[in-house]
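>>> Sequence below, structure please.
(one chain, ligands or ions: 1)
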Amino acid sequence: MIFGKHFGKYYIKFGIYFLLGIGVLITLDWLQLEIPLKLSSIIDNFDGQIDKAFIYQTAAEIMILVSIIAVGRFLWRYLLFGTSRKIEFDLREKMFNHATKLSQDYYSQEKIGGLMTYFTNDLEAVRQVYGMGLLSLVDGLCLTSFVIYRMAVMNLVMTLLSAIPLLLVSVYMILVRKRIELKFKIRQEAFEKLSDVTQESFTGISVIKAYVKETKEALLFKNLSNDLKNKNLSYIKLMTKINVAISFTLSLVIITILTIGSFLLIQSKMTPGELTAYTTFFFTLMWPIMALSQFMSINSQGQASAKRVKAFLNKEITVCDADDIFNEELDLTGEITVKNLTFTYPDGDSPVLKNVSFKIHKGQMVGVLGRTGSGKSSLVDLFLRVHNAPKESIYFDQYDMMNLPIKGVRNLVGYVPQDNFLFSDTILNNIEFSSSNPSIDNAVKAAKLSDVYDNIMEFSEQFETVLGERGVTVSGGQKQRISIARAIAKDPQILILDDSVSAVDTKTEEAIISNLHQIRKNKTTIFIAHRISTVKNMDQIIVLDKGEISAIGTHKELLKTSALYQDMVHRQELEQMVQEGMDNEK
Ligand SMILES: Nc1ncnc2c1ncn2[C@@H]1O[C@H](COP(=O)(O)OP(=O)(O)OP(=O)(O)O)[C@@H](O)[C@H]1O
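Okay, here's the model as predicted:
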């Protein structure tokens, strides 16, 4: 059985169900052994004369027993299997909640396919321990003891002889337990690898097709699938060996019982009814012995999976509220102060942001510019508490952000990520994602401001159009603008757009920026961009270079003071000229 942190508590939480279920099961185990005795009495009462009344009475008694057993079977199934489902539900919820609290770093290191295995195969293996596993253990121990007791009462010597091979089987099963666990663990890991690759292949299917790498992917899949098949076969081989060994031993015991029993019958030391009851008891013993072997297998699988689930649940939540956070409701204005911020990723060895300092006043529209890899996204990710920032390096108004509750910080900030993600849901629900009560008026307003309204109205279901896997596929530019609409609809005090207008043309970009200028007069807006055209008219432009502030100022100021900015302007003008030349040639 599974004990320890995360699992042991279920025996207390559902203790009453387990106790009742086990109680019913034990009662039935005892009652079902009455049936062979009843049959034995019918056989031994038969002396050439048919005693109809006795047969009717015994049949009625058997009928009552069978009815009680039927009701009991329903009861224990409900109590034990039902409880195992409740535990599975509880654990799944706990795992999902934990998964949502794990930091972004966890997801950049772990593969989603592997993570899914915890929620499917592993959880299933754990549930089996609480359901079928517990049943097999109780039945295995109690029914075996009851049957052996009944058999011993009838013939002690014959029972002792039969018990020797059974004892040997039990010792063998205990010895082989660790091997089952190991083989199952290896099998699960192979399954996890295959899940990872399958998930990645489907997600990256367009890249695979574009590079004509279908055969390479199919080969990789085949190899991993083959590996899983081999590990499955190795596991099945071991389990088959165990089952064959048990069945063979049981057959040997049956032959012994029938041989000795026949001699006892000849010597009138046993009646035919007794021999029938005795052999029926032994046949009854087959299930609990197999059940014990089944328990070993279920338990070994469950232990291996529980270790994996436990390791997942024990993964530290690194981005969490400090003990001394401000819990009062704060009316933050959107002013941001960054003071000597130096930041290194938890898995990185050198800082990606070095001694960064600047101030953004309430209501300013600020551009963050820099070459690729200069640290722009890392900087705004810190504003969202995706990672932990060093203490006393980022302030919202006068408050150190690390002392503010994460929920409060994330409610303050609206974010349009670089890799726009839309849910497989209606456009309305995607735009009104932040609201618990989606409003069509608000969604329409946000869609108009992000210049995607006309596109939405062209879809037959308009705002009710379902996007994604089972719905409409939108273009990159439409996706970006729906993401912008989602952030606008939230109307946050601080709005961050991370390279969010790169897939739209300059005219649309100008329209969106002009709309944002209109509606965000008293609110802070930060634009991360590569294009000078995006940030040209902003109140302040922060130029980052290799994680350091290279210059800060308006477009006009930077043209005079920043060589890097001048260089970027120059390059982009050249690029534009080349592009225009190519367009004219066409
Ligand atoms: N999760 C991470 N763990 C470790 N290093 C990271 C992580 N994310 C980004 N980096 C590194 O941090 C540096 C800055 O990356 P960042 O994404 O902030 O740059 P950027 O200026 O936004 O680039 P781009 O314009 O291409 O989006 C890069 O060297 C990158 O490799």
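>>> what's the following helix or strand after the helix or strand that contains T342?
Assigned by DSSP states H and E, T342 belongs to strand 336-343. Note on strand 336-343: by DSSP H and E, the next helix or strand toward the C-terminus is strand 353-360.
>>> got the angle between the very next helix or strand once past that following strand and strand 336-343?
Beyond strand 353-360 in the direction of the C-terminus, DSSP H and E gives the next helix or strand as strand 365-370. Calculated by axes from the mean of the first three to the mean of the last three C-alpha atoms, to 10 degrees, strand 365-370 forms an angle of 20 degrees with strand 336-343.
>>> The following helix or strand past strand 365-370 packs against which elements?
Next helix or strand after strand 365-370 toward the C-terminus (DSSP H and E): helix 376-383. Other elements packing on helix 376-383 under the criterion 3 or more C-beta pairs under 8 Å, 6 or more residues apart in numbering; DSSP states H and E are strand 336-343, strand 353-360, strand 365-370, strand 494-498, strand 524-529. Bear in mind the C-beta positions are built from the backbone N, C-alpha and C, glycine included.
>>> of those strands, which approaches H387 most closely?
strand 336-343 (7.4 Å; C-beta to C-beta).
>>> looking at the helices and strands packed on helix 376-383, which is closest to V416?
Closest among the helices and strands packed on helix 376-383, using C-beta to C-beta: strand 494-498, at 4.5 Å.
>>> That closest one to strand 365-370, inter-axis angle?
Using the same axes, to 10 degrees, strand 494-498 lies at 30 degrees relative to strand 365-370.
>>> name the helices or strands packed onto strand 494-498?
With 3+ C-beta pairs under 8 Å, 6+ apart as the test, strand 494-498 has helix 376-383, strand 413-416, helix 476-490, strand 524-529 packed against it.
>>> Could you give me the buried positions within the following helix or strand past that strand?
Later in the chain than strand 494-498, the nearest helix or strand by DSSP H and E is helix 506-519. Residues of helix 506-519 classed as buried: 508-510, 512-513, 515-516 (neighbour count, 16 or more other C-beta atoms under 10 Å).
>>> which secondary structure elements does helix 506-519 contact?
helix 440-449, helix 476-490, helix 532-535.
>>> Tell me which of these lies nearest to the ligand.
helix 532-535 (12.5 Å; C-beta to the nearest ligand atom).
>>> what about the closest one, average pLDDT?
For helix 532-535, mean pLDDT is 83.
>>> which outside residues touch that helix?
367-369, 501, 506, 509-510, 513, 527, 529, 541, 555, 568-569, 572 (C-beta atoms under 8 Å, 6 or more residues apart in numbering).
>>> before we move on, what about stretch 181-200?
111-114, 116-117, 121-122, 125, 220-221, 224-225, 227-228, 231-232, 234-235, 238, 300-301, 303-305, 307-308.
>>> Kindly report the same for stretch 547-555.
351-358, 370, 374-375, 378, 532, 535-544, 558, 561-562, 564-565.
>>> mean confidence for that stretch?
Here the average pLDDT along stretch 547-555 is 89.
>>> Would you mark the buried spots in it?
547-553, 555.
>>> would you list those in JSON lines and tack on secondary structure?
Compiled in JSON lines, these are given as follows (DSSP: H, G, I helix; E, B strand; the rest coil):
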{"residue": "G547", "secondary structure": "coil"}
{"residue": "E548", "secondary structure": "strand"}
{"residue": "I549", "secondary structure": "strand"}
{"residue": "S550", "secondary structure": "strand"}
{"residue": "A551", "secondary structure": "strand"}
{"residue": "I552", "secondary structure": "strand"}
{"residue": "G553", "secondary structure": "strand"}
{"residue": "H555", "secondary structure": "helix"}
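>>> Identify, from the residues you listed, the entry nearest to L37.
Of all those, G547 has the smallest distance to L37: 84.4 Å, by C-beta to C-beta.
>>> and this protein, which of its residues are near the ligand?
105, 108, 345, 347-348, 352, 370, 372-378, 418 (C-beta under 6 Å from any ligand atom).
>>> Derive a PyMOL selection command for the buried subset of these.
Selection of buried members from the residues of the chain next to the ligand for PyMOL, criterion 16+ other C-beta under 10 Å:
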select buried, resi 352+370+374+375+376+377+378
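>>> that older thread, so which of the helices and strands packed on helix 506-519 gets nearest H6?
helix 476-490 (35.5 Å).
>>> And the residue most central in space within the chain, how far from F295?
Note on the chain: the residue nearest the mean C-alpha position is F119, at 4.2 Å, using C-alpha atoms, centre = their mean. From F119 across to F295, the span is 25 Å (C-beta to C-beta, to the nearest Å).
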